[in-house]
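Asks: pasting the sequence and the predicted model now:
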Amino acid sequence: MKSQSSTEFMIFVGIAIFVLMLYFGVSNHYLNLTLKEREVITGQDLARQLKNEINLAARVEDNYQRIFQLPYLVVNKNFNVTFNIREVVVNIDNDEYVELLAADVGNEITFSAGDAFTIRKTNDVVSIT
């Protein structure tokens, strides 16, 4: 009788450990999905914010000037921003977040995390330096 109860106890402990490991595995999977979703949303938000700044410059009168400071990290990761003709591209860990611009900003120019750049509108031309 004693050996049967100890065997049953070991089976229940084994099942409990298996269920606990399964729970931790599923939790880890959903945590990783949440962190990736946070990265995607943050990348899209930065691209949208930059698009709105350029589109604002395109709509206002001449002699518009604004200095824009990029954040140093996005979701604790390095990134870069590329402006090319009519699009802005935010690269985070080989993932690209692209937004189309209302104005032509000229040839390709790339900025790294933490850089500051100036958005200007002179003679109805939007430029980034």
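Replies: Yep, that arrived.

Asks: for the rest of this, base every contact and every neighbour count on C-alpha atoms.
Replies: Fine.

Asks: my guess is Ala100 meets Asn84, correct?
Replies: Just so we're on the same page, residue 100 is Leu rather than Ala. No: using CA atoms under 8 Å as the test, Leu100 is too far from Asn84 to be in contact (9.8 Å).

Asks: can you give me the helices in this structure?
Replies: With helices called from DSSP state H, the chain shows them at 2-59.

Asks: tell me how far Ser5 lies from Val74.
Replies: The gap separating Ser5 from Val74 is 56 Å, by CA to CA, to the nearest Å.

Asks: neighbour count winner among the two?
Replies: Using other CA atoms under 10 Å as the criterion, Ser5 and Val74 rank with Val74 on top: 17 against 10.

Asks: okay, now Lys51: neighbour count?
Replies: Residues near Lys51, counting by other CA under 10 Å, number 23.

Asks: which residues touch it?
Replies: 88, 99-101 (CA atoms under 8 Å, 6 or more residues apart in numbering).

Asks: out of those residues, who has the most neighbours?
Replies: Neighbour tally across the contacts of Lys51 (other CA under 10 Å): the maximum, 26 neighbours, falls on Val88.
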